[in-house]
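*Asks:* Okay, here's the prediction I keep looking at, along with the sequence it came from:
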Number of protein chains: 2
Amino acid sequence: MTGRMQPAAVVAMVGAGQLARMTQQAAVDLAVELRVLARSADEPAVLAGAPAIFGDPGDPAALHTMAAGADVLTFDHELVPAQPLRDLVAAGHRVHPGPDALAAAQDKLHARRLLGQAGFPVPAFCPVAGPEDVERFAAEHGWPVVLKARSGGYDGRGVIVARHGGDLPEDLARRAADGGPTWLAEAHVELAAELAVLVARRPSGATVTYPVAQTTQVDGICRHLVTPAGVADDLAWEAAELAQRVVQHVGGTGVCAVELFVGPAGRLLVNELALRPHNSGHATIEANATSQFHQHLRAVLDWPLGPTELRAPAAAMVNLIPGPGAGDPVANLPAALEVPGAHVHLYAKASRPGRKVGHVTALGASTTAALDVAARTVDILLQP
Amino acid sequence: MTGRMQPAAVVAMVGAGQLARMTQQAAVDLAVELRVLARSADEPAVLAGAPAIFGDPGDPAALHTMAAGADVLTFDHELVPAQPLRDLVAAGHRVHPGPDALAAAQDKLHARRLLGQAGFPVPAFCPVAGPEDVERFAAEHGWPVVLKARSGGYDGRGVIVARHGGDLPEDLARRAADGGPTWLAEAHVELAAELAVLVARRPSGATVTYPVAQTTQVDGICRHLVTPAGVADDLAWEAAELAQRVVQHVGGTGVCAVELFVGPAGRLLVNELALRPHNSGHATIEANATSQFHQHLRAVLDWPLGPTELRAPAAAMVNLIPGPGAGDPVANLPAALEVPGAHVHLYAKASRPGRKVGHVTALGASTTAALDVAARTVDILLQP
């Protein structure tokens, strides 16, 4: 061997979890050097071989080191303060998604206001400065009331379904750093279904949308999804169109995920927004013409986007989330590979109850068939 | 992040080229730790993040270091002496493919004899100890005569098509280290087509075969391939069956590639044998239910093998081989990504004429359509 190709680009990603890990696999195809900001050498992307800078995502110096010499700075999570990102943009660095767009994924109250004021359908909501705000909201919209932490929640953390005034958290009246409330209240929506739509958008504006997925949550954490979604074609079309407008409105760049409620009478409501590759897009690795991880790299680099169509009639993805008493997925892996057509992805995270440590994707002639393969495989991976 | 999952297995791979690079991407999915034996930090698998041990594949100490603590030792090339591998096996290490099987891929004369004596169809051949052997062979089989170096040749190197006695190489009478000839002569076969069949075999015996691919060589180096092969179904079936018997006969383990000639009257002849993931299997990453790189890990670890069927009506793979005056694939990458449906794989090797620095795969409704997409993309990657 004599001599290496120069990297096609250097992408700096804040965070080194499973999203960065799978982005690293895609980066290898494109000869993109992915540099990750990690807290420790045990993080999933570091174990996958991504060059790491060790530091805190809240530390402006670490962010500056990440951005130096990179073509673009991007994220595998949203827990990054805005000001250092604004400083990087002011210094001429490319940051995608940008700090203004990122605020919509960081702050649920901001996102609700931004989208609600623009006329997007969102659940009824109000900021919560104390128990009296919740009581007043419930008087108008009824119980239960969904209480959400303005920021920092994920996988069901930071969400409380309050059935009456006795369910309210103790820190409801605490103030956020900006003096605003730390909680918001939302009307509880009777759900016919939950949908997730991936949208990829280049800084120069071009946008592609993925086929709509239907997700199933348990305790606020996604257990599995299927594509195509089990809803009428015109509703799926409406969901895709709505998601694309949401991403354009907030100025998202890169891959963005828009989670939607299908409420009573098939009415769509915007639930959550993530401006990064997302759990709801993991099946795209095998199921779609371009995986969300390749697409994210292409989008943040302002390179041409790839096609998004499904490459099989149906796909399913089941998250690997050990419950109490679950077995070791690593020890069970050979047995799980007996299931034909299961695509197992392990994140190299120690297994513990409630933690997402991998996922399994399967393709099939129908969502039922694909889900059966993926779910059986997960059952084997978790068997005691 | 707190704590990593133990690796599902540790696989040590001798070599750190593009095959090891793509195996590393697959290893990440399965939480397999892939350790590569590299000559330098610039090699493709090291740049992809595989943990590396630096050393020479001919150095018994380096091989011992590789095998220590690994579940299995395997290879991304055949240039490994047999004795240190036999010593490792004797010391209780698992080595797949094993040294006896590997000899069939290392020594073309040995392979021809082994397969010829067992009744497999091979081109007429004879060992060459000097020009008189070639003249005698030509008197029986006619010119041209194909001269092949017994070992070390690849991508057309070590193969000479001699049209008459004046074409013979000067070192024809040189002796190999074992006292045997360094060249063999083969009858030139009028080719109707060339086929390649991937077979994966577990040490415990289970075997799967991939759909047959048709390859196109220029100057002895594979330029492109398509799957399904453009031959009659019964010939493809015969090719798959023949390849599987060849692999079983030589005792191959892991992924093995059998290259076949389709000679006059549709007669199949065994050409070359590789006991590792192979260029002819690169399209399996996107095109087949299990990629050859996942499959190789599964096979050498004696884990259940995955299904092999095509996931699209047709697939094509075109190697990225710069000619004189070619442009820089990295600089051309964004333009190449304009072609919808092209899956670009760059190996992070410096571009120079005649060197394989990547490949492009495309799926399609027909091999013609898929080949058109992949070839157009390669043309753009190489444009000056």
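*Replies:* Structure's in. What do you need?
*Asks:* Now do the helix ranked longest in chain A: which elements does it pack against?
*Replies:* As assigned by DSSP state H, the longest helix anywhere in chain A is helix A:233-250. Judged by 3 or more CB pairs under 8 Å, 6 or more residues apart in numbering or on different chains; DSSP states H and E, the packing partners of helix A:233-250 are helix A:108-117, strand A:193-201, strand A:207-209, strand A:254-262, strand A:268-274. C-betas here are computed from N, CA, C, even on glycine.
*Asks:* The shortest one and chain B, are they touching?
*Replies:* So that's strand A:207-209. No. Applying CB under 8 Å from any CB of the partner chain, one finds strand A:207-209 separated from chain B by no less than 10.5 Å.
*Asks:* circling back: so can I have a markdown table of the helices and strands packed on helix A:233-250 showing distance to B:I221 and mean pLDDT?
*Replies:* What follows is the helices and strands packed on helix A:233-250, written out as a markdown table (distance: least, CB to CB, whole Å; pLDDT from 0 to 100):
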| stretch | distance to B:I221 | mean pLDDT |
| --- | --- | --- |
| helix A:108-117 | 55 | 95 |
| strand A:193-201 | 36 | 98 |
| strand A:207-209 | 36 | 98 |
| strand A:254-262 | 37 | 98 |
| strand A:268-274 | 45 | 96 |
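*Asks:* How about the closest residue to chain B within the stretch 101-250 of chain A: what's its closest non-neighbour residue?
*Replies:* The minimum distance from the stretch 101-250 of chain A to chain B, using CB to the nearest CB, falls at A:V208 (10.5 Å). Excluding the flanking residues, the one nearest A:V208 by CB to CB, 6 or more residues apart in numbering or on different chains is A:L305, at 4.8 Å.
*Asks:* Contacts only, for that neighbour.
*Replies:* A:L305 makes contact with A:200, A:202, A:206-208, A:290, A:295, A:298-299, according to CB atoms under 8 Å, 6 or more residues apart in numbering or on different chains.
*Asks:* For those, which entry has the maximal number of neighbours?
*Replies:* The most crowded member of those, judged by other CB atoms under 10 Å in any protein chain shown, is A:A299 (30 neighbours).
*Asks:* Around chain B, pick out the residues from the stretch 51-200 of chain A.
*Replies:* So the stretch 51-200 of chain A meets chain B at A:P51 (CB under 8 Å from any CB).
*Asks:* didn't A:E338 look like it was pressed against B:P304?
*Replies:* Yes. Applying CB atoms under 8 Å as the test, A:E338 and B:P304 come out as touching, 4.7 Å apart.
*Asks:* higher neighbour count, these two?
*Replies:* B:P304 (17 against 14).
*Asks:* What pLDDT does the model give that one?
*Replies:* Note for B:P304: predicted pLDDT of 98.
*Asks:* who's in contact with the closest residue to A:F293 other than its chain neighbours?
*Replies:* Spatial nearest neighbour of A:F293, excluding adjacent residues (CB to CB, 6+ apart): A:A26 at 3.8 Å. Applying CB under 8 Å, 6+ apart, one finds that A:A26 lies in contact with A:32, A:291, A:293-294, A:296-297.
*Asks:* Show me those residues that map onto helices.
*Replies:* A:293-294, A:296-297.
*Asks:* Which of these sits closest to A:A348?
*Replies:* Using CB to CB, A:F293 comes nearest to A:A348 of the ones in helices among the contacts of A:A26, at 16.3 Å.
*Asks:* State whether that closest one and A:R276 are indeed in contact, as I suppose.
*Replies:* No. Using CB under 8 Å, A:F293 makes no contact with A:R276, being 10.5 Å away.
*Asks:* Surely the residue nearest to A:F293 is within a helix?
*Replies:* Yes. Using DSSP: H, G, I helix; E, B strand; the rest coil, the assignment for A:A26 is a helix.
*Asks:* gap between it and A:R113?
*Replies:* 35 Å (CB to CB, to the nearest Å).
*Asks:* what is in contact with A:F293 and A:R276 at once?
*Replies:* A:L19.
*Asks:* so which residue of chain A comes closest to chain B?
*Replies:* Counting by CB to the nearest CB, chain A gets nearest chain B through A:G49, at 1.4 Å.
*Asks:* how about that residue, phi and psi?
*Replies:* phi 100, psi 10 (degrees, to the nearest 10).
*Asks:* which ones are touching it?
*Replies:* A:24, B:24, B:28, B:48-51.
*Asks:* For A:P203, report the pLDDT, please.
*Replies:* Confidence score, pLDDT, at A:P203: 98.
*Asks:* all strands of the stretch 1-150 of chain A, in order?
*Replies:* Assigned by DSSP state E, counting those that start in this stretch, the stretch 1-150 of chain A shows strands spanning A:9-14, A:32-38, A:52-54, A:72-75, A:125-128, A:145-149.
*Asks:* burial measure for A:G116, as a count.
*Replies:* For A:G116, using other CB under 10 Å, the count is 15.
*Asks:* How many residues are close by the closest residue to it other than its chain neighbours?
*Replies:* Spatial nearest neighbour of A:G116, chain neighbours left out: A:V122 (4.9 Å); criterion: CB to CB, 6+ apart. Per other CB under 10 Å, the neighbour tally for A:V122 reads 21.
*Asks:* What of A:A91?
*Replies:* For A:A91, using other CB under 10 Å, the count is 10.
*Asks:* Next one: it from B:H282, what distance?
*Replies:* A:A91 is 42 Å from B:H282, by CB to CB.
*Asks:* for A:G58, same thing?
*Replies:* 42 Å.
*Asks:* more neighbours, the two?
*Replies:* B:H282 (29 against 11).
*Asks:* check contacts around that one.
*Replies:* B:22, B:292, B:317, B:345, B:359, B:361.
*Asks:* ditto for A:A12
*Replies:* A:35-37, A:66-67, A:70, A:72-74.
*Asks:* try 6 Å this time
*Replies:* A:35, A:66-67, A:70, A:73 (CB atoms under 6 Å, 6 or more residues apart in numbering or on different chains).
*Asks:* one step back: report the buried members of the ones in helices among the contacts of A:A26.
*Replies:* Those of those that meet the buried threshold are A:293-294, A:296-297, by 16 or more other CB atoms under 10 Å in any protein chain shown.
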